[in-house]
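Student: Predicted structure and sequence below. I'll ask about it afterward.
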Amino acid sequence: MYDLIINNARLYPMSGHASPATQTCLAISDGRIAAIGETGEARETIDARHACLLPGFIDCHTHAVYAGDRADEHAARIAGASYQEIARGGGGILTTVRAVAAASEQELVDGARPRLATLLAEGVTTIEIKSGYGLDTANELKMLRVIRRLGTELPMEVIATFLGAHTIPGKHSHESYMDLVIDEMLPAAVAEKLADAVDIFVENIAFTVADMERLFAAASAHGLKLRAHTEQLSNMGASARAAELGALSCDHLERLDEAGVRAMASAGSVAVLLPGAFYFLGETRLPPIGQLRKHQVPIAVASDLNPGSSPINSLLTCMHMAATLFGLTPAEVLLGVTRHAARALGLDKEIGSLEVGMRADFCLWEIAAPELLCYQLGGLRPLAVYKDGQRVNQLQATKG
Ligand code: DI6
Ligand code: FE
């Protein structure tokens, strides 16, 4: 006796490719996929009426916990200032750091909850959220606790990434800040089990490749997964080194060169592309999509939701941008928010595709084909969202 059977679905398992399966039913027990293509007895049976059934989407790179906004900096950039100029002048990330310091844990939870609920309503069942607007031990831990609380308050999987190395607060030298991150913040986060991974912003306005090597050595010793923001604004050779050191993903990558692509390919590191930041910062240089394809680097797509470079509370919008701005095929985009996004989180045995034994995180979409999700901008919502086999949305369907 299964817990749930979904019949008459057009199944898109996203295991290896983005094509539909020949089977039309999915059986669920104990929150996991128990069978594909076999019917039987179940406590509940649902007729999907030929809706498309896809894995729940995974937004594998966000900064969704923050306070305040940066609309004035947006206006300054429209008037000609660059993101780097604003950052060097004490604005940018530091503007949000001040707002987060002034906010309580409860205020941060209350601010982030509707952002996550909006993503959930779009079919996002797993979200990764980074700290990085604390930049001192108390505030980094506060952010990480907020991220953990969101995971208990919402029916979503929330993955916490420690990004203490986001930028250098004014009162610190480069070295003294890295000492604080590695010797104080990281062990404290580990002691409270507040982080699943570490990340670092390797950039000419932030941290060096040598800083990343130090952080990764310490984080690996604590058993954390490794991620890195690399080659977004300048080419520092950081992706190649991150991949060699075992980073699950390198993210942004507009300035990645072929040597970096090769290193990522041989290490199996995922290229996480963030078209929302490309769009919002008015970037013109594209990530090297052709080379990523040529060397078969798995590509993921995420929202980068944050108040400075991607104030875009919609993974579907970023999926559309990945197709229209980056030229990814709809199949690449769909794998980028399912299987490859799971791999960027090190969770591809659990989520991101529909295979027997994996978690029953999936959505029903009343659309002609999943390609519609990269084609139509706005107005698309899944008919039903299931997390661990439980229905977690109660929304009206929107037909594409
Ligand atoms: N790269 C980004 O695009 C975000 N962080 C990062 O390392 C921007 C964060 C911000 O501007 O608040
Ligand atoms: Fe980011």
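Tutor: Structure received. Ligands and ions are numbered 1, 2, ... in the order given.
Student: Tell me if residue 198 really is in a strand.
Tutor: Yes - the assignment for residue 198 is a strand, going by DSSP: H, G, I helix; E, B strand; the rest coil.
Student: which residues does it form a beta bridge with?
Tutor: Residue 198 has the following beta-bridge partners by DSSP bridges: residue 162, residue 226.
Student: shaky segments in the stretch 151-300 of the chain?
Tutor: Applying pLDDT under 70 to the stretch 151-300 of the chain picks out no residues at all.
Student: Give me every residue in the protein lying close to ligand 1.
Tutor: Contact residues (C-beta under 6 Å from any ligand atom) of the chain with ligand 1: 63, 92-93, 96, 166, 201, 229, 232, 277, 304, 306-309. Any C-beta I mention is one placed from the backbone N, CA and C, and that applies to glycine too.
Student: List buried members of the residues you listed by neighbour count.
Tutor: Buried residues within those, counting neighbours by 16 or more other C-beta atoms under 10 Å: 63, 92-93, 96, 166, 201, 229, 232, 277, 304, 306-309.
Student: how about the single nearest residue of the chain relative to ligand 1, what does it touch?
Tutor: Going by C-beta to the nearest ligand atom, ligand 1 is nearest to residue 308 of the chain, at 2.2 Å. Counting by C-beta atoms under 8 Å, 6 or more residues apart in numbering, residue 308 touches 70, 73, 83, 92, 93, 95, 96.
Student: if we go to 7 Å?
Tutor: With contacts defined as C-beta atoms under 7 Å, 6 or more residues apart in numbering, residue 308 is in contact with 70, 73, 92, 93, 96.
Student: For the stretch 201-350 of the chain, which segments count as helices?
Tutor: All helices of the stretch 201-350 of the chain, identified by DSSP state H, counting those that start in this stretch, fall at 209-221, 238-244, 258-267, 275-280, 289-294, 315-324, 330-336, 339-344.
Student: What is the last one packed up against?
Tutor: What that stands for is helix 339-344. When contacts are defined as 3 or more C-beta pairs under 7 Å, 6 or more residues apart in numbering; DSSP states H and E, helix 339-344 packs onto strand 270-273, strand 299-301.
Student: could those go into TSV alongside mean neighbour count?
Tutor: As requested, the helices and strands packed on helix 339-344 are exported to TSV (neighbours: other C-beta atoms under 10 Å):
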stretch	mean neighbour count
strand 270-273	30
strand 299-301	29
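Student: So for residue 39, which of those sits nearest?
Tutor: strand 299-301 (33.7 Å; C-beta to C-beta).
Student: Tell me the strands beside the closest one, with direction?
Tutor: strand 270-273 (parallel).
Student: Residue 340 against residue 297, yeah?
Tutor: No - if you go by C-beta atoms under 7 Å, residue 340 and residue 297 don't touch, sitting 9.6 Å apart.
Student: pretty sure residue 254 is touching residue 235, no?
Tutor: No - Residue 254 lies out of contact with residue 235 (C-beta under 7 Å); the separation is 9.2 Å.
Student: I'd like the distance between residue 322 and residue 198.
Tutor: 26 Å (C-beta to C-beta, to the nearest Å).
Student: can you count the residues close to residue 278?
Tutor: 25 (other C-beta atoms under 10 Å).
Student: That one contacts residue 318, correct?
Tutor: No - taking C-beta under 7 Å as the definition, residue 278 is not a contact partner of residue 318, at 9.7 Å.
Student: Kindly tell me how buried residue 210 is, as a neighbour count.
Tutor: Residue 210: 12 surrounding residues under other C-beta under 10 Å.
Student: The one 5 residues further on now?
Tutor: The local packing count at residue 215 equals 26, with neighbours defined by other C-beta under 10 Å.
Student: May I ask you to confirm that it is in contact with residue 180?
Tutor: No - applying C-beta under 7 Å as the test, residue 215 and residue 180 come out as separate, 11.7 Å apart.
Student: can you pull out the strands in the stretch 301-400 of the chain?
Tutor: Ranges of strands in the stretch 301-400 of the chain, per DSSP state E, counting those that start in this stretch, are 362-365, 384-387, 390-391.
Student: which outside residues touch the last one?
Tutor: Pointing back at strand 390-391 there. The contact list for strand 390-391 (C-beta under 7 Å, 6+ apart) reads 155, 384.
Student: Ok, stretch 332-344 next?
Tutor: 14-15, 18, 55, 57-58, 60, 248-249, 270, 272, 298-302, 315, 319, 322-323, 328, 348, 351-353, 370, 374.
Student: Against residue 176, how distant is residue 374?
Tutor: Residue 374 is 46 Å from residue 176, by C-beta to C-beta.
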